[in-house]
Each structure stands twice: as C-alpha cells, then as structure tokens.
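Asks: Structure for the following, please:
(chains A and B, ligands or ions: 5)
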Amino acid sequence: MSKGEKCSCGDDEKGLLERLEEIIVSFKNKPGALIPVLQATQSLFGYVPQEAILKISEMLNEPLHKVHGVITFYSFFSLKPRGKYLIRVCLGTACYVQGANEILTALKQQLSIEIGETTTDKLFTLDVGRCFGACGLAPIIMVNDDVHQFVKPSGVKKILGAYKKHKAVNQEEET
Amino acid sequence: MQININNKSFSAQEGETVLDVAKRNGIYIPTLCYHVKTGQAAKCRACVVAVEGMRGYQTACNLSVREGMNINTEGKEVKEAQRMVVDLMLSSGYHNCLACDRSGSCELQDACYHLGIEKTTFSDHPTGRKDESSEFIVIDYDKCIKCGRCVAACNHSVVNEVLGFGFRGLETTIMCDDDIPMGDSTCVQCGECVQLCPTGALTDKKSRGKGRFLEFEKVDTTCPYCGVGCQLTLHVDRAKNKVVRVTGREVWPNNGMLCVKGRYGFEFHDSPKRLQYPMIKKNGKHERATWDEALDLIAEKIKTTVAKHGPDVFSALGSGRITNENNYAVQKFTRAVIKTNNVDHCARTCHAPTVAGLAHAFGSGAATNSIDEILETDLIFVIGSNMTEAHPVASYYVKRAAQNGSKLIVCDPRRVDIAHWSDLYVPLRVGTDVPFLNGLMNEILKNGWQDEEFMKNNTENPEDIKKWIQDYPVEKASEISGVPVEQMKQVAKMLGEAKKVSVIYCLGITEHTTGTDNVKTIANLQMILGHLGKRGCGVNPLRGQNNVQGACDMGALPNVFHNYQSCMDEKAILKIEKDWGVTGLSRTEGYKLPTMLHKATQGETKILFCVGDNTVQTEPNTAKTIKEVESLEFLVVVDIFPNMTTEYADVILPDVCFNEDDGTYSNLDRRVQFLRKAVDHPGEAKPTWWIMQELGKRLGVDLKFTSANATWEDMRRSGTIMGGITYERIQHLGLQWPCPTVQHPGTPILHMNGKFTRGKGLFSHTNYRTQAELPDKDYPFILSTGRRLWHYHTGTQTRNSVGLENIFPEELLEISPVDAKKMKVKTGDMVKATSRRGTITLKAWVTDRSPEGVTWCAFHFREAHANVLTIDAYDDVTETPEYKACAIKIEKVREGVEVVNRGFRQARP
Ligand code: SF4
Ligand code: SF4
Ligand code: SF4
Ligand code: FES
Ligand code: FES
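Replies: Ligands and ions are numbered 1, 2, ... in the order given. Okay, here's the model as predicted:
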C-alpha cells in the first residue's frame, strides 16, 4: 500500500485479521513458523492479502521480502482472491499451435474476466501456463487438478457448466 | 602448495579457491555472481574452468585448490563455455552499453570484452521495466542478470533486509519488500546494492547522464558526517569542479558500505548558499568585506578588549565537524596568543561525560576497542544508542553479528530500530540507567558471575564495590527502572555467562544530568565482568560527529592541551611552552561551553570566536542562548553556511569544507584518517588554520601554520599518542592512536590485558538521581531528542544536498499510539509542543518506537527544532545538557492528511 491509501479490506476481513493475529501468536517463537502461518492465512482468506503480509512480517519479525518470496514461490499461495476453481490454459507451443488462444478468448468472454481475475461469484479464476507436459493431448486446460484434453472453443461452455452444476449440487447437500 | 594454471605453476594456500589464486596472479576469469563480500553463490557459471581429472567444467569461484591441480582457464572450449554463459545473460535482458551509466565499470561489459563478445547471438527483448520511484536509485530490470549480489548485500552485508527474489522460474525477479516500488519500501537508500551490482541494473539516479565512471577523477577521502568515519571515493568532474558520485572504499572501517548521507549527501560543497566572502556587520546588516578588513577588525577588537579586561573575556569554540588541524589551530591560538584556556567544542553537548567518565575509570577517555571486533563478540550490549540512524554503518556490523549468532541485547526507553534484530529488548524508563546497571551488577555478583581474577589483579578497589553494590538489589533496580525483575535477571545471566561482551553506548547515556555517572557505571560493569583489554570486548561509545574524537584529541577542551596533556600540570605546561616557543600560558582551567555563554550575560565573556558550531541552534533552551549570544560584545563565526548563529555575528568568515583542503579526522575508534582536497573552494573561503595564522600574526605570534600538514606536524612535535602518525603513513589507511613512534602500528585495543592507562581500573559509586525536570500535571510528557537517519547536525549539509529533504522534509514529533489515541492525534496532524521554555509546531508521527508518556524529536530543522524546548540543566561534572529528558505538553492544532504506517523497521512514516 503506498502512502495515503486506505486499507482496502472490508469489515469481515478485519475480523479475519484478528483471527490471523491469534494464529501467528500460537506459532510465534517456533522455528519455521512462516510456511504454516501462510497456509493458515491462505485458507482463512482464500488468498494472502497485503495487510496479512505486513502483519506476519511484523509479528514473526521476518523481512517483508522473505514473506512475499515464499508466497510467490509456491503456487499454493496466491496474492489475489482466488475462485473455487482455478482454470489454467496452456499456452505452450503445442497448445498454441492447436488454438489455445481461441480457447482463452472464449473463456474470457464467458466468464467476463481477464487473466488473473476472479468471477464475482468467486467460482472461477482464470490463469495461463506454459506446457503442462501433455503436448500429445493439445490443446489442454486444467481446472484445479482435472485435465481437459483436445478442448475446442465451442466446448468451453459445457466444461464450465459442469463445474457450476457441481457447485449447485454441493450447495444443496450443504443446506 | 603448488597448483598449475594454464601450464604455469603458482603457489596457493589451503582454503583458497582457484579464483583467488588466479586473481592474485592477474589471470582474468569472468565472475558475475561472486563478490568477496557477498560470497560464493555459484549461480551464474561465468567462471567455469576445466580441471584435469574432473568431469565437465567447474566453477572457479567455489572450487577449492588441491596440491598439483591442473587448471585450464583459456583453452578454446573453456572460453567457449564461458562465452555461452555470458552471451545468454546478455540475451536475457537488454544491454545497451552506449547509453548506460555503468559503462566502463560494468563487470558484464568487462566479461564481454575479455571473451570477445561483440553482440549477443540471441535476440534482445527490452521490456522497458524500470523502477525510478526512489530518491537515489534506479532499477533497470532489463539489465538485471539475477546474479543475486544485491540481495545478498542487502540481507547480509548491510542487513537492511529489503531486497529479495520473488516469483519462480523465468519470472524470478528482484523486488523490494513485498514487491512494491523501492521508493515506497523500507529501503534506507544506503546504496550498497548499487555498489555491488555488476551491471547497470542498479545505478545512482543522481549521477545519471553526468558522465561515465572513466571520465572522472577519483579522490579517496573520509566521510564528513558521523563518527564511523567511512572511507569513500569522490568521483570528481574537474571541469565543473563538482563531485558527481560517491562510492565506498573496501577498507576498514566501513568495507565499502555507506549510509544515505555519506553516499548521496555530497552536493552541499558547491551549494550557492555557501559562505564565500568575509562579512562585517554594519548597522545591523552583514556587508561583504576583504579578508584584511575582517581580520584587522577582529585583531583590533581582541587587542583592546583583552588589554582592558584580561584574557579570560575571550572564549573560542572548535568543532567536532572540522579537521584535527583546524581544532589544533583554534586551541593553540587561544592558549598561545590570547593566553586563556577558554576553548571548548561541541563534545560538551554530547560525549564529554564519556571523556570524563572513562578517563576517571581507565585513564583514557575513548572507545577501548574497534568496530571490526563487533563481528567477533558473543554478546553485544547496546544501551542508549539509536545506531541504525545515527551511526548506520556501525549498526550494519551489529546486525550482521546478530544474524551470525551473537546475542544482542538492546536497552532503550524507545523501541529503536536496532531492537528488531535483538534477542532481548529491554525498555527501561528514561534516565534510570544507573540503578538499572547497578541492579545487574548486584545480580552478577550475587551469582558469582564476575571475573574475580580481573577484579583482583587489574582494579584498585574491588572489595569496596562489592560491598557498596549490595545496596542495589534487582528488586529495587526494577522498581526504579520499570524493567521486570525476571527480565533483569535474564539480562544479568546473559551478561554473566557470555565469553565476550562488548558494550556499545551513545548519547542516551551521556546527555543526562547524570551523564558522567552513567558512563562510570558502564565502566564498573565491564570491570566486574572483566571484558576489557581483549578482542571483541570493551566499552565502546559511538562518538557522534565525524571528528568529535579528534576535536578532543586536539585539545579543544578547557582542561587539556592536545593529546590530553593537562593544562593545569606545571610540567606539561612548561613542555608545551617550550614546544610552542611562548611563555605565560594560563595555569587555570578554562570555561566550558555553557559557562562561556552564561558569563556573557554577566559581562565576563565579551568575545566569542566560534568555528563550525551553530551554537544558537544546538544549545538547549534557545531563548536563553539567544539572550546570551546577544549580550556578547563581539561574536566571530567561521562556518561554511549561514545559520542561526551567523545571524548574530559581528564578523562572519567563510571556511572551506571537507573536500577543499587536506586534513585529518579521527573516528569513533580513534582512527586518524586522511582527507584530501578534491575540488576548489567557493569564492574566497579559507581554511581555519590560515585564519588563525593570520590573526596570530596580527597579534604578534607566528603560529607556524603554513599548510594543513605543517599544522599537523606542529601538533605532532609534542609526541605522545599522535607522535607516530604522519600524513605519509595514513594516505591509504588510517592509524589508531596511541601511536607514539613512526614505527608503531597503532593501537586497536586499549588497556590490553587489563593494563589500564591509569594503572589499575577504578570503580566508582554512582547513585540514582532523577532527571532535572520530571513530567507533571501541566507538562505531562517527557521529550527526548536525537538524530534522524536522513539529516545531520543543524541540517546545513544535508538540507543543501539534493534529495535528502525530499525523503524527510520536516521534523516530526514521535508520539506513542496510546497517547495519540487519547489525544485523538494521528500521523500527519499538526501539534504544538510546549515546554516551560518555548513552543514549536510540527507534525505528529504516531509510532510504537515511543513508549507511553515519551515523545521524541530532533534538532535538524531550524523551523521547528527540539532545542526551543530542551532544558538548560547540566551534568554536574561536564556541563553536558540533559537533551534526553525534559517535560512538555502537546496540543493538537489541526488535522492533517492521514499517513498509513507501512510495516515497521523504517526511519520514517
Ligand atoms: S540487480 Fe544487479 S546485483 Fe541484483 S541481481 Fe540484478 S544484476 Fe545482480
Ligand atoms: S539501498 Fe540499501 S537498503 Fe535499499 S535495497 Fe539497496 S542495499 Fe537494501
Ligand atoms: S555511517 Fe557515518 S561515516 Fe559512514 S557514510 Fe554514514 S554518515 Fe558517513
Ligand atoms: S504445450 Fe500445452 S501441454 Fe505442452
Ligand atoms: S562467479 Fe562463479 S558461478 Fe558466478
């Protein structure tokens, strides 16, 4: 946050920050506390907000760059709110040649988001990657751990639909 | 052992690397990630060589030598492998040497040159990504080869812990803090990363476009700011008579490291605001005069006044900011020409209690050990020192030692930034150092942790102190100091069990009415522990200004001549009279600085000759100081800038500054270091020694000051501690006094093996006395004062150098979050701070550096400076003012723009 700007987190995040403090206190003075604390932060917020980075750095007395370095080193952590499903489109050479870019465009249109963004219902986050090591199945996209092979732009809707439905089913189960 | 490089035999030592041997023998191997200071990263692979019997290529930077090893560094294939690496590096960025400031001192460019790479065979991809947000440093990401030197430097050399690597794989990049612009980050702009970057990725913003490295003349000299005495190189543009860049020299005491002032605060030397001509006050206005007019007037005034009222109506001030030669000139003039001992300088306002206290206990009033030993100690005990701001480079060593496993205890009422690196932070109440330390000693003795042998053999009165300290059980000490009993016991245990303890202190100890007692108590502690006269131990005051040690050494003090020869001791006086060829030197101790001023209002000080002091802004209780200065009959000020004091001067004389004449400074570990003339002075400015010589002549004495060197030699004739230090010997590296003969190697450690200068160490009884002005209902806050990282003294140098003022443009009053909440004050709000002596209005900075009830500000900005508020209460022995404690009240004046504190460890909001 640069000088003059206000904290961007909502009220509920303030409550979460207080919970984070408790968590940090419980880990304090234990060696190697940084990664478990970050894990807790990620699950608490769904990502690691900047306010949390400042708090962790201060309370664990670790340099800011170290905290940030760990977050950006492991793909488990994310600096932006992440949706329930992370969609990663392969833009490696093989996939690119097979039309990965069109798939990306279709995804952007249907979700109304850009790369790195998350849908307002917090269901999908869109990201890209380089060669997932399955070039024989190009073009491919990954949704969390599921691999979708030989994807066509026209098939995107169906794939998304399945996850939306999944969510709906789950919700029913939960209620 | 012998090893072979390219079929030639070279001798090598166990533990050396192939690179070490190659370098020593002038064999070039490209190295991009390795640097002596940041160590072996073995990342870049530019240094690959072939070794007989080993598969593939080896990196020379981390390859240990073995007897009979056969190494090839220049075979066709080896060169090809090196070329490939360097070519790849070149290609993964965008290197346009034609317009790069680093050109000529770039190690990547050197590598290309040696390997014959004219152009990369891979394609260039400029991304154009740059970070220009900080005041002094530009990051050009296209030129970064990700060697990691800057990251290592920032984290392990200066230990500011700002730079890191972020992200993964191809995206890996250096970043500040959590990947924010450098200008918003906690970076303190020390420039160590710039100095160690092998390419043009990190460069000095100030020197951008001013010329390339090779175009400048390089002049080695000493930093004109704090007492660390960093060695630096000025890069001088001869034609423009300007310094365009400063780099750190890789020698002691700083090993290349600098702080923001030393590296980037250099333009003041050619500021148009410099004093350039003598001025005489006529009808209330300063008018330009010739040197003859000014000097004749001063001489005449001195002659008539002294003839009428005697020599003691004359007082002179040297300065901790001018050279040894100039301080010597001022004191010799005062004593030999005027025949009074009324000469003093600003150590009176800072470390006079150190000189008095340590001379009393040990016989020598200076730091006992050297800065480099900090890295060898087991426990560093810091008390009353905000070193990350006031002595940044000293703090780098302390932080590094802590990082390498030495224990660090920081005792200070304020949570100063160095506390972030400590194992234990002990917040004691303001002004309770004596009972706190006494309590620790009581606990140490109770548990038998003292060094019985040392006490018995090397101190005068061990049994006496053991008995006396029984009056200070930890419980009592805890009650007074506010430090919990448990914590006191913990500190005592750590002190008692450590093999080597180094005590480092600063003005938090000395600037109290009990200053001398505080120092004596520290001496007691180290004598009980026996941590004196050994490496990595000692009592180490951080002397404040560049030459405050030297000003004392040169005798700008009312009780001693140069080299601490007493001016009340008949034998010493006769010797000096012979040395100087004069008779009738004064036999009575002179006035100390505050007394000189008090006597002015009584008409007993009529003339004050003030060199480089800015008395009006630096003495406590400004309203009172102004009254005193106004009641002088005649005030002469020699300085480099107009300031609050020149306004009251009858005559102003323009001085030269640190890079306009040769000379010497003595740093905080007694190292006499050389200063070189690098540029020409502005207008008609003259060195102080010349001024004293001319005045001496007019008053009938030839002082023999014909040059800086002649002045030094005149001082050196009296032998003793400086006898062996000549300009010739210190051209490259300084020498630590005592250094009695020209063969003597200098003395890094005083009182070696417990043999104190005074014979045996002397314990003192020190009792708790409260500060002069305690907070009360009307003035409920304590105000403590000090120094900011970004500024120096009364700001004349730092505020006339580009950039520092952009970072820290005005003084702030530090208030604790608890008090701020009560008063509904937030950072950025305007507040009025009032003491019984005056009022200043300034912005608030709400920070947990301040504990509840304690506020803090500095005296750098004349618009709102601390000394309007500070109290004219003095240490009873040395008359050092109690700058660290007075009572104030605070009122909110108006709301300001809210400023969000970003993280911690920062020397500004
Ligand atoms: S900025 Fe310089 S020192 Fe830092 S990684 Fe890049 S090239 Fe190396
Ligand atoms: S200037 Fe100093 S503090 Fe800032 S990033 Fe470079 S090394 Fe670190
Ligand atoms: S630490 Fe002191 S001597 Fe060193 S560069 Fe900074 S101000 Fe100069
Ligand atoms: S290019 Fe997409 S999986 Fe390899
Ligand atoms: S210098 Fe040896 S690997 Fe970089």
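Asks: pLDDT score for the residue in chain A that ligand 3 sits nearest to?
Replies: Closest to ligand 3 within chain A is A:Pro63: 21.3 Å, counting by CB to the nearest ligand atom. All C-beta atoms are positioned from the backbone trio N, CA, C, and that covers glycine. In this model, A:Pro63 is scored at 91, pLDDT.
Asks: and it, what does it touch?
Replies: The contact partners of A:Pro63, taken as CB atoms under 8 Å, 6 or more residues apart in numbering or on different chains, are A:57, B:155, B:161-162, B:164, B:177.
Asks: how much space between it and B:Gly183?
Replies: Using CB to CB, to the nearest Å, A:Pro63 is found at 18 Å from B:Gly183.
Asks: got it, and B:Val637?
Replies: Here the criterion is CB to CB. By it, B:Val637 lies 38 Å from B:Gly183.
Asks: Which one's more surrounded, those two?
Replies: B:Val637 (28 against 19; other CB atoms under 10 Å in any protein chain shown).
Asks: quick one: that one and B:Glu647 touch, right?
Replies: No. Between B:Val637 and B:Glu647 no contact is recorded; they are 9.2 Å apart, counting by CB atoms under 8 Å.
Asks: partner residues bridging the residue positioned nearest the centre of chain B?
Replies: When CA atoms, centre = their mean is applied to chain B, the residue found nearest the centroid is B:Cys226 (2.7 Å). Beta-bridge partners of B:Cys226, counted by DSSP bridges, are B:Gln545.
Asks: Now do the contacts for it.
Replies: Here B:Cys226 is in contact with B:259, B:261, B:390-392, B:544-546, B:792 (criterion: CB under 8 Å, 6+ apart).
Asks: May I see the residues you listed arranged in JSON lines, with pLDDT and distance to B:Glu376 as well?
Replies: Rendered in JSON lines, the data for those read as follows (pLDDT from 0 to 100; distance: CB to CB, whole Å):
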{"residue": "B:Cys259", "pLDDT": "96", "distance to B:Glu376": "23"}
{"residue": "B:Lys261", "pLDDT": "94", "distance to B:Glu376": "27"}
{"residue": "B:Ala390", "pLDDT": "94", "distance to B:Glu376": "23"}
{"residue": "B:His391", "pLDDT": "95", "distance to B:Glu376": "19"}
{"residue": "B:Pro392", "pLDDT": "95", "distance to B:Glu376": "21"}
{"residue": "B:Gly544", "pLDDT": "85", "distance to B:Glu376": "25"}
{"residue": "B:Gln545", "pLDDT": "91", "distance to B:Glu376": "27"}
{"residue": "B:Asn546", "pLDDT": "92", "distance to B:Glu376": "26"}
{"residue": "B:Tyr792", "pLDDT": "91", "distance to B:Glu376": "30"}
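Asks: Work out for me the element the nearest residue to B:Ala833 once chain neighbours are set aside sits within.
Replies: The spatially closest residue to B:Ala833, leaving aside those adjacent along the chain, is B:Ile888, at 5.1 Å (CB to CB, 6 or more residues apart in numbering or on different chains). Assigned by DSSP states H and E, B:Ile888 belongs to strand B:886-894.
Asks: Where does pLDDT dip in chain A?
Replies: In the predicted model, chain A carries pLDDT under 70 at residues A:1-13, A:167-175.
Asks: again, 50 this time
Replies: A:1-11, A:172-175 (pLDDT under 50).
Asks: part of a helix, is A:Lys122?
Replies: No. Per DSSP: H, G, I helix; E, B strand; the rest coil, A:Lys122 lies outside any helix segment and is coil.
Asks: Phi first, then psi, for it.
Replies: With angles defined as degrees, to the nearest 10, A:Lys122 sits at phi 60, psi 30.
Asks: Report the secondary structure state of A:Val89.
Replies: For A:Val89, the assignment made with three-state DSSP gives strand.
Asks: which residues touch it?
Replies: A:95, A:100, A:103-104, A:107, A:126-129, A:141.
Asks: Report the buried members of the residues you listed.
Replies: Among those, those buried by neighbour count (16 or more other CB atoms under 10 Å in any protein chain shown) are A:95, A:100, A:103-104, A:107, A:126, A:128, A:141.
Asks: Now render those as CSV, adding secondary structure and distance to ligand 4.
Replies: Compiled in CSV, the buried ones among the contacts of A:Val89 are given as follows (DSSP: H, G, I helix; E, B strand; the rest coil; distance: CB to the nearest ligand atom, whole Å):
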residue, secondary structure, distance to ligand 4
A:Cys95, helix, 3
A:Ala100, helix, 7
A:Ile103, helix, 11
A:Leu104, helix, 12
A:Leu107, helix, 15
A:Leu126, strand, 16
A:Val128, strand, 10
A:Ile141, strand, 9
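Asks: Out of those residues, which comes closest to ligand 1?
Replies: Ligand 1 lies nearest to A:Val128 out of the buried ones among the contacts of A:Val89, by CB to the nearest ligand atom, at 26.1 Å.
Asks: right, and that closest one touches A:Leu104 too?
Replies: Yes. Using CB under 8 Å, A:Val128 is in contact with A:Leu104, at 6.8 Å.
Asks: Find residues that contact each of the two.
Replies: Here A:Val128 and A:Leu104 have A:89, A:91, A:115 as joint contacts, going by CB under 8 Å, 6+ apart.
Asks: Next, the last one: secondary structure please.
Replies: Under the three-state scheme (three-state DSSP), the conformation of A:Ile115 reads as coil.
Asks: wouldn't it be in contact with A:Leu107 here?
Replies: No. Counting by CB under 8 Å, A:Leu107 is not a contact partner of A:Ile115; they are 9.4 Å apart.
Asks: what touches both of those two?
Replies: Common contact partners of A:Ile115 and A:Leu107 (CB under 8 Å, 6+ apart): A:Leu126.
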